[in-house]
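>>> sequence unavailable; structure follows:
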Ligand code: SF4
């Protein structure tokens, strides 16, 4: 996974609640196993019925290569599709700032080097206002080691992230490798279960 | 362990706790892992690239459901865009040594319908599917986790999922249900109360007399909608009804193992003195059949209710309601009953089990699908299809003018190409009414099977209690 330290670039405003993963990654419109994820991002919302571009924020020239997406409550709700994250990273978005972020989506972000930031209250009001006002003309900067969001005018906002998720992003850790350090515990667990609850370790088709 | 009683969630979690990583995440062992064709092929590819194997192919099962056609006589080529997914799923599974319930297999179907039906899901066990509706199987008292693709790959390689422990929420379902009201209506009523993010960060236990009285299929429907409350896992504590339902299923323990398992399952309840982080009560007495009017599952009213009037809301609440009303083509403050319907879909992992089809068939029987309405009944699994046919339900649906489909996800997410037309009003027994979910501009109303069937035969949104 690509490590995350700092990020600087246009911050795109989509100040709405409950933006779901069906909207982010409209899979019905994708073709084949490995589509162009970036092209799929918000595809339904950014095109007219005849397929031409509409006035969606993502079609504005200043957001051709967005780095940050700023939303409101409950971003990423709905389907567990990880392609929602791949669509965002497909256009270069590596940070989502929202008041709240749905659980599975947040997990998917962390696994793909996309920083999910939850901000609340007055700080979030101000960030949303600044992002809307700047409208992509100047870059915002995210500093993960310092846990801050810096606006082009120098205003800085602190965000919280658990120490473990921070390390995970900073180091771009191999999740499977991290877990497999516990392989002996997994093996011991399986042995214990085989002895105490054999049915749980045995998924046998009794018709065969 | 403390002296205080434990919740069912704590019992299952602690039973499956393998260890704690240095980053503070807990490793939770996954007893059964079920995959599907839309997401697993990506993970197989990545796993192979990294030179990794599936750690426990014997505890892993593959379902073909998302990208398959449900047309009678379908093959893997009927839906051309899905063929690559079905084949990649089959080949990937075979290479990894995982059993595939393929097209044509008597046990093919939607993963969340098939896994309980086969006895792959057991009370007090853990379950994972790379699909947010994994929570469905909580209806049997299992703790299930929907996962993303990288998490799926992680579970394949390690057989554990890494999580921070969620908080505990109990939803007490009080009162009793009237006629023509079922699990789906209860679930929608809970979402209306809790909101689409109210369960975020919680594992939800559904308790109380209504949860107890629901048949197992109704509990599966109820738990299916947990993710629509923002929560990853929801469950109902198992009881004798659960144990009887599971007994004799193909993958369920038998003989001495059954007795041993049963002894353990009987300890799978929340202790009387256990404490939850949050509790809410939902009184279900007098609950009317529920229907969503908007574009989120929480935008729910009774069938006798009215579309909200944004002008009567606080200023900051208006915009999303106005947007939903406009997308759905509704009049503020108008009755929901009577609106003309273009399409009816009875199916999906939410509401496509035998009792659901029986409810719908009882209403459809002796009637015809209204002119201009397209109506589909798509069983949740091939087993459900056979059971329904053995009871003659297929004939009832077909004689009325329904399409009687093969099993699969179909119009629920439209990832097999089944979609409505722009502007079409659809009554759907599925779980998401998001904008464009069932096709561009499609206006989806989520309902239970009774309201769906009633609309199919009248051509309008109809209070089934008046039929
Ligand atoms: S029926 Fe719908 S919700 Fe259920 S698994 Fe299929 S696509 Fe997902």
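That came in fine, so what should we check first? All values derive from a computational prediction rather than experimental measurement. Numbering: from 1, shown residues only, chains lettered A, B, ... in the order given.
>>> sec struct for residue B:234, please.
Secondary structure assignment for residue B:234 (DSSP: H, G, I helix; E, B strand; the rest coil): strand.
>>> show me what contacts it?
By CB atoms under 8 Å, 6 or more residues apart in numbering or on different chains, residue B:234 lies in contact with B:135, B:138, B:199, B:203, B:204, B:205, B:206, B:222, B:223, B:226. Quick note: C-beta positions are derived from backbone N, CA and C, even for glycine.
>>> nearest spatial neighbour of it, chain-adjacent residues omitted?
residue B:226 (3.0 Å; CB to CB, 6 or more residues apart in numbering or on different chains).
>>> one more: residue B:406?
Excluding the flanking residues, the one nearest residue B:406 by CB to CB, 6+ apart is residue B:70, at 4.8 Å.
>>> can you add secondary structure and give the contacts of residue B:234 back as TSV?
TSV is the format used below for these (three-state DSSP):
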residue	secondary structure
B:135	helix
B:138	helix
B:199	coil
B:203	strand
B:204	strand
B:205	strand
B:206	strand
B:222	helix
B:223	helix
B:226	helix
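>>> remind me which helix or strand the spatially closest residue to residue B:199 that is not a sequence neighbour belongs to.
Counting by CB to CB, 6+ apart, residue B:231 is the residue found nearest to residue B:199 once chain neighbours are left out, at 3.1 Å. Per DSSP states H and E: residue B:231 is located in neither a helix nor a strand.
>>> which residues touch residue B:231?
Residue B:231 neighbours (CB under 8 Å, 6+ apart): A:103, B:135, B:166, B:169, B:199, B:200, B:201, B:202, B:203, B:204.
>>> show me which pair in these is furthest apart.
The distance between the two most remote of the contacts of residue B:231 (CB to CB) is 14.3 Å, for B:135 and B:201.
>>> quick one: low-confidence parts of the chain?
Went with chain A since none was named. Along chain A, segments meeting pLDDT under 70 are nowhere present.
>>> you answered for a different chain; I wanted chain B.
In chain B (pLDDT under 70), the answer is B:1-3.
>>> closest point of the stretch 151-300 of chain B to the ligand, which residue?
Using CB to the nearest ligand atom, the single residue of the stretch 151-300 of chain B nearest to the ligand is residue B:224, 7.5 Å away.
>>> I'd say that residue and residue B:112 touch.
Yes. With contact defined as CB atoms under 8 Å, residue B:224 counts as touching residue B:112 (6.8 Å).
>>> what does chain B put close to the ligand?
With CB under 6 Å from any ligand atom as the criterion, chain B meets the ligand at residues B:65-66, B:110, B:112, B:131, B:133, B:348-349, B:409, B:412-413, B:430-431.
>>> just these that are near chain A?
Restricting the residues of chain B next to the ligand to those near chain A by CB under 8 Å from any CB of the partner chain leaves B:131, B:413.
>>> out of the residues of chain B next to the ligand, which comes closest to residue A:96?
residue B:131 (22.0 Å).
>>> residues contacting the closest one?
Residues counted as contacts of residue B:131 (CB under 8 Å, 6+ apart) are A:79, A:80, B:36, B:39, B:111, B:112, B:146.
>>> try it again with 7 Å
A:80, B:36, B:111, B:146 (CB atoms under 7 Å, 6 or more residues apart in numbering or on different chains).
>>> secondary structure class for the closest residue to chain A within chain B?
Of all residues in chain B, the one sitting closest to chain A is residue B:23 (3.3 Å; CB to the nearest CB). Per three-state DSSP, the local secondary structure of residue B:23 is coil.
>>> with the one 10 residues further on instead?
Classification of residue B:33 using three-state DSSP returns strand.
>>> kindly report the same for residue B:221.
helix.
>>> what's the closest non-adjacent residue to it?
residue B:183 is the one closest to residue B:221 (CB to CB, 6+ apart), at 3.6 Å.
>>> ok, the single nearest residue of chain A relative to the ligand - contacts?
Closest to the ligand within chain A is residue A:79: 7.2 Å, counting by CB to the nearest ligand atom. By CB under 7 Å, 6+ apart, the residues touching residue A:79 are A:21, A:22, B:132.
>>> who's more crowded, residue B:224 and residue B:112?
Neighbour tally, residue B:224 and residue B:112, criterion other CB atoms under 10 Å in any protein chain shown: the higher count belongs to residue B:112, 34 against 28.
>>> what does the helix or strand hosting the residue of the stretch 151-300 of chain B closest to the ligand contact?
Per DSSP H and E: residue B:224 is located in helix B:216-224. The contact list for helix B:216-224 (CB under 7 Å, 6+ apart) reads B:112, B:116, B:133, B:135-140, B:182-184, B:186-187, B:206, B:211, B:214, B:234-236, B:241-242, B:245, B:349-351, B:353, B:355-356, B:431.
>>> go again with 6 Å.
B:133, B:135-136, B:138-139, B:182-184, B:186-187, B:206, B:234, B:236, B:245, B:349-351, B:353, B:355 (CB atoms under 6 Å, 6 or more residues apart in numbering or on different chains).
>>> so which bits of chain A are right by chain B?
Counting by CB under 6 Å from any CB of the partner chain, the residues of chain A lying close to chain B are A:18, A:20, A:22, A:27-28, A:33, A:44, A:74, A:79-80, A:82, A:103-104, A:108, A:111, A:164, A:175-176, A:179, A:182, A:185-186, A:189, A:199-200, A:203, A:205-207.
>>> out of those residues, which are inside helices?
Taking DSSP state H, the ones among the residues of chain A next to chain B that sit in helices are A:22, A:44, A:103, A:104, A:108, A:164, A:175, A:176, A:179, A:185, A:186, A:189.
>>> what's the distance between the second one and residue A:31?
Right, the one you point to is residue A:44. 15 Å (CB to CB, to the nearest Å).
>>> over to residue A:138?
37 Å.
>>> what does residue B:220 give?
From residue B:220 over to residue A:31 the distance is 33 Å, taken as CB to CB.
>>> what of residue A:103?
Counting by CB to CB - residue A:103 and residue A:31 are separated by 30 Å.
>>> between the two, who's got more neighbours?
Under the neighbour definition other CB under 10 Å, residue A:103 and residue A:31 were set side by side, and residue A:103 has more, 27 against 10.
>>> what's near enough to touch the residue lying closest to that one once chain neighbours are set aside?
For residue A:103, ignoring the flanking residues on the chain, the nearest one in space by CB to CB, 6+ apart is residue B:232 at 5.3 Å. Residues in contact with residue B:232 (CB under 6 Å, 6+ apart) are A:103, B:145, B:146.
>>> try 7 Å
A:103, A:104, B:135, B:145, B:146.
>>> could you identify the longest helix within chain B?
Ranked by residue count under DSSP H, the longest helix found in chain B is helix B:80-96.
>>> packing partners for that helix?
helix B:40-49, strand B:99-101 (3 or more CB pairs under 7 Å, 6 or more residues apart in numbering or on different chains; DSSP states H and E).
>>> as CSV, these with distance to residue B:449 and mean neighbour count would be great.
Listed next are the helices and strands packed on helix B:80-96 as CSV, based on distance: least, CB to CB, whole Å; neighbours: other CB atoms under 10 Å in any protein chain shown:
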stretch, distance to residue B:449, mean neighbour count
helix B:40-49, 30, 20
strand B:99-101, 25, 20
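>>> would TSV of those with distance to chain A be doable?
Compiled in TSV, these are given as follows (distance: least, CB to the nearest CB, whole Å):
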stretch	distance to chain A
helix B:40-49	6
strand B:99-101	8
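>>> let's have the ones you listed in TSV, adding distance to residue B:155.
Output for the helices and strands packed on helix B:80-96, formatted as TSV (distance: least, CB to CB, whole Å):
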stretch	distance to residue B:155
helix B:40-49	9
strand B:99-101	16
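>>> out of the contacts of residue B:231, which is most surrounded?
Neighbour max across the contacts of residue B:231 (other CB under 10 Å) = residue B:135, 33 neighbours.
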